[in-house]
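Engineer: Please work out how this folds:
(chains A, B, C and D)
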4 protein chains.
Amino acid sequence: MATNRLESFSDGVIAVAITLLVLGIHIPTPPQHLGHELGQQWPQYAAYVVSFVTIGIIWINHHAMIARLDRADHSILILNLLLLLTIGILPFATGVMAAYLREPDGQSLAAGVYSGSFLLMSVAFATLNRHILLARAHMMSAELSLDERRRILARSITGLPPYLAATLLAAVSAYATLGICAAMAIFYALPIASGQPRRA
Amino acid sequence: MATNRLESFSDGVIAVAITLLVLGIHIPTPPQHLGHELGQQWPQYAAYVVSFVTIGIIWINHHAMIARLDRADHSILILNLLLLLTIGILPFATGVMAAYLREPDGQSLAAGVYSGSFLLMSVAFATLNRHILLARAHMMSAELSLDERRRILARSITGLPPYLAATLLAAVSAYATLGICAAMAIFYALPIASGQPRRA
Amino acid sequence: MATNRLESFSDGVIAVAITLLVLGIHIPTPPQHLGHELGQQWPQYAAYVVSFVTIGIIWINHHAMIARLDRADHSILILNLLLLLTIGILPFATGVMAAYLREPDGQSLAAGVYSGSFLLMSVAFATLNRHILLARAHMMSAELSLDERRRILARSITGLPPYLAATLLAAVSAYATLGICAAMAIFYALPIASGQPRRA
Amino acid sequence: MATNRLESFSDGVIAVAITLLVLGIHIPTPPQHLGHELGQQWPQYAAYVVSFVTIGIIWINHHAMIARLDRADHSILILNLLLLLTIGILPFATGVMAAYLREPDGQSLAAGVYSGSFLLMSVAFATLNRHILLARAHMMSAELSLDERRRILARSITGLPPYLAATLLAAVSAYATLGICAAMAIFYALPIASGQPRRA
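Structural biologist: Now for the predicted structure:
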């Protein structure tokens, strides 16, 4: 299978998931006081921005990953489907985080669900990347040395420890979890000057 | 008509349908107890995963089916539209299953609606595939012998009896129905090692 | 502007609109009696199927219309945007029809909104087609005689009187309106055997 | 990175956002009086149309902007992601405007949120365009003189003052804000005759 339709389907799922995030921002209804309501729901804006940028960066990395492929077999399609499944739940996880971030009862669990979903997505991404780089290297468009492939894979894995830490930290402070997730998004988005993405 | 726009439209509909599934997972609202609510709604997660993988596999098979075509005529477009219609209702069927799986009153009907929708989708898929392989063979890109075409079609039809059984079994046990639908998804997704899809 | 991105954007909007229709089918919640609820909401299924097929046929015709173009200018983009705007409201119009079809108070207005939306969409389609065929003929890929172009345009316009009749008839019977809209969808979908679409 | 997948992802996000706008138009439920309800919610229709056309024009301009590029680097991807983020919140901003336009308490804030979102989107657009035209000129497909690039950029910026004025004016009259936003949409959509888009 050529990779172009794999890309277009993945683009579609990611584009829908990223745009559905907005449904998690609640639109107040009269006679609710608009200013008060909009002010109260800042966790929704924070969760929206962090999730949007995170999914956007996953899309950039997904593009780089698939661009290395010449063609795709069934195993790649299925692992890619599992990755999309983990991206697809992010509107739910984002909504849970937004709803419970300020609730003493539930904020820890909500933060755990939130960064746990990012962790799951990162694991799915690294699994697919590992499969491509090690088990399906013969399907790649350019021949890369084992060293180069291992280096790319290592970068794929650097996201796991921070998300794992954020998930564990949720038991202590939901705000710390959100902070780490936000820092991860900024870290990967930042190097505008160099023109080099930090992840693959 | 060239098949590329047919593919891109089908990809779009399938990508939206698969991503809308997440709207069926309920986001609790305070002061509901988050842990209790999330624990209660495990049927929603199960239904989400089974439906996501099933739609994903239909997408893979859809790609293989359309890739055999050189061009498409009106009859193919209409039968494809009917297939998309059956895929489009899956977020509804999945939501019904998730809402009533644990209700003594209604769980049988919900399970019947759920696997009945998969059955309908499989019938629509097999119908389109049959039309392409037998009535529109002259529009295919590669010339396949009648035997080969019959063999592909036979694989298309193997999904019908299990979904029919699951639908009938719904009257007895909704969990058995869900189990069969899950087993179907795993069966088609599994052969990662061989790199060969089992359906077409 | 090349027409491929115009096509891909239009495909996206139409694919999302057609898939959003499913949100108009209500998922009952326990302790509502599932069988009773599902039985009551047959107008939602009817409206879903009619709208899905109608939008699908508009997509087929849209493809044929744009395929005649070599490139697109600003006027075509804007008229296409207005067409997409009328397609975008169909999930709303379908929802109104489904909610009020069986209400003595409101069913006439609902049916009028429903077929009135189809009428609006048909007018937008014919307007764009007319603009392409008459005012932008120099942007078409194949040179067609004025007679041929007028014949294509005439087919574009044949959908208007039935939708106008259905809209006027809404004052008398909402079911008659639904029946005409359903008949239109079947009429355009039917000629599977000939392989010739009836509209352009 | 080639620009085609950047385009296809952006098209997807914009197509989903523009189509989600319809969810902001409320579908009345019996026994509410349909005519009365539909008549009351005209702000929802107005906000829908203005937002739809505005997003559609941003899409046209986005196409023109990306078409000038030969390839894209990480900085372009990230700035494009931020632009998509501002487009993604428009269904929320449109919903707020529609809900509070007629409420003495809240209409000013709602109008400020509405045109403020358009302002934000315009700033994100101009920022990306500036980055491409000045800092990434070597990635453009055609060599343009600095003067030409500055002229294109100037057109990009002409949208900012009106949206800024509309946002400030929200404190005085929400209707004036809506009027300016509507006028902007018409102004950019209008020059059908010349075939020349007014913005870039």
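
Engineer: A:Ala142 looks like it's in a strand, true?
Structural biologist: No: counting by DSSP: H, G, I helix; E, B strand; the rest coil, A:Ala142 is located in no strand; its state is coil.

Engineer: for chain A, what helix or strand is lowest in average pLDDT?
Structural biologist: helix A:146-157 (a mean of 92; mean pLDDT, DSSP states H and E).

Engineer: Tell me if that helix is near chain D.
Structural biologist: No: using CB under 8 Å from any CB of the partner chain, helix A:146-157 stays clear of chain D, coming no nearer than 13.7 Å. Glycine gets a C-beta too; all of them are placed from N, C-alpha and C.

Engineer: Kindly report the same for stretch A:41-58.
Structural biologist: Yes: counting by CB under 8 Å from any CB, chain D is contacted by stretch A:41-58 at A:Tyr48, A:Val49, A:Phe52, A:Val53, A:Gly56, A:Ile57.

Engineer: tell me how far that stretch is from the chain's mean position?
Structural biologist: Here the centre of stretch A:41-58 is set off from its chain's centre by 10 Å, with CA atoms, centre = their mean, to the nearest Å.

Engineer: Likewise for stretch A:91-104?
Structural biologist: The answer for stretch A:91-104 is 16 Å, by CA atoms, centre = their mean.

Engineer: Tell me, how many residues neighbour A:Pro31?
Structural biologist: A:Pro31: 9 surrounding residues under other CB atoms under 10 Å in any protein chain shown.

Engineer: cool, A:Leu190 as well?
Structural biologist: There are 12 residues near A:Leu190, going by other CB under 10 Å.

Engineer: A:Met184 versus that one, what's the distance?
Structural biologist: For A:Leu190, the distance to A:Met184 equals 11 Å [CB to CB, to the nearest Å].

Engineer: which residues does A:Arg5 contact?
Structural biologist: Contacts for A:Arg5 (CB atoms under 8 Å, 6 or more residues apart in numbering or on different chains) come out as B:Glu7, B:Asp11, B:His63.

Engineer: By neighbours, which of the residues you listed wins?
Structural biologist: Top of the contacts of A:Arg5 by neighbour count (other CB under 10 Å): B:Asp11, with 25 neighbours.

Engineer: Need the three-state assignment for that residue.
Structural biologist: B:Asp11 ends up helix, using three-state DSSP.

Engineer: Chain B versus the nearest residue to A:Ala126 once chain neighbours are set aside, what's the distance?
Structural biologist: Spatially, and ignoring its direct neighbours in sequence, A:Ala126 is nearest to A:Ser156 (4.6 Å; CB to CB, 6 or more residues apart in numbering or on different chains). Separation of A:Ser156 from chain B (CB to the nearest CB, to the nearest Å) stands at 19 Å.

Engineer: Touching, A:Ser156 and A:Leu128? I think so.
Structural biologist: No: the pair A:Ser156 and A:Leu128 does not pass the contact test of CB atoms under 8 Å, sitting 9.1 Å apart.

Engineer: So for the two, which sits in the more crowded spot?
Structural biologist: A:Leu128 (23 against 20).

Engineer: Tell me how far A:Asn4 lies from chain D.
Structural biologist: A:Asn4 is 9 Å from chain D, by CB to the nearest CB.

Engineer: Check chain A for the residue nearest chain C and tell me.
Structural biologist: As assessed by CB to the nearest CB, chain C sits closest to A:Val16 within chain A, at 7.7 Å.

Engineer: and that residue, what helix or strand is that in?
Structural biologist: helix A:3-20 (DSSP states H and E).

Engineer: Show me what the helix or strand that that helix is followed by packs onto, helices and strands only.
Structural biologist: The first helix or strand that comes after helix A:3-20 along the chain, using DSSP H and E, is helix A:34-40. Identification of packing neighbours for helix A:34-40 by 3 or more CB pairs under 8 Å, 6 or more residues apart in numbering or on different chains; DSSP states H and E yields helix D:90-100, helix D:107-130.

Engineer: Centre of chain A to the edge, which residue is at the far end?
Structural biologist: The outermost residue of chain A relative to its centre, with distances by CA atoms, centre = their mean, is A:Pro31 at 36.9 Å.

Engineer: Quickly note the distance from that residue to A:Pro91.
Structural biologist: To A:Pro91, A:Pro31 is 29 Å away according to CB to CB.

Engineer: got it, and A:His131?
Structural biologist: Using CB to CB, one gets 26 Å for the distance from A:His131 to A:Pro91.

Engineer: and what of A:Val16?
Structural biologist: 9 Å.

Engineer: for the closest residue to A:Asp70 other than its chain neighbours, what are its contacts?
Structural biologist: Once flanking residues are discounted, A:Asp70 sits nearest to A:Ser141: 4.4 Å by CB to CB, 6+ apart. Shown in contact with A:Ser141 (CB under 8 Å, 6+ apart): A:Ala67, A:Arg68, A:Leu69, A:Asp70.

Engineer: Which among the residues you listed count as buried?
Structural biologist: A:Arg68, A:Leu69 (16 or more other CB atoms under 10 Å in any protein chain shown).

Engineer: Closest one of the contacts of A:Ser141 to D:Gly112?
Structural biologist: When the contacts of A:Ser141 are compared for distance to D:Gly112 (CB to CB), A:Ala67 wins out at 42.5 Å.

Engineer: For that closest one, give me phi and psi.
Structural biologist: Here is the backbone geometry of A:Ala67 (degrees, to the nearest 10): phi -60, psi -20.

Engineer: Could you pull up the contacting residues of it?
Structural biologist: So, once contact is read as CB under 8 Å, 6+ apart, A:Ala67 ends up touching A:Ser141, D:Met1.

Engineer: In terms of helices and strands, where is A:Tyr49?
Structural biologist: One correction, residue A:49 is Val, not Tyr. Short version, using DSSP H and E: A:Val49 is in helix A:42-67.
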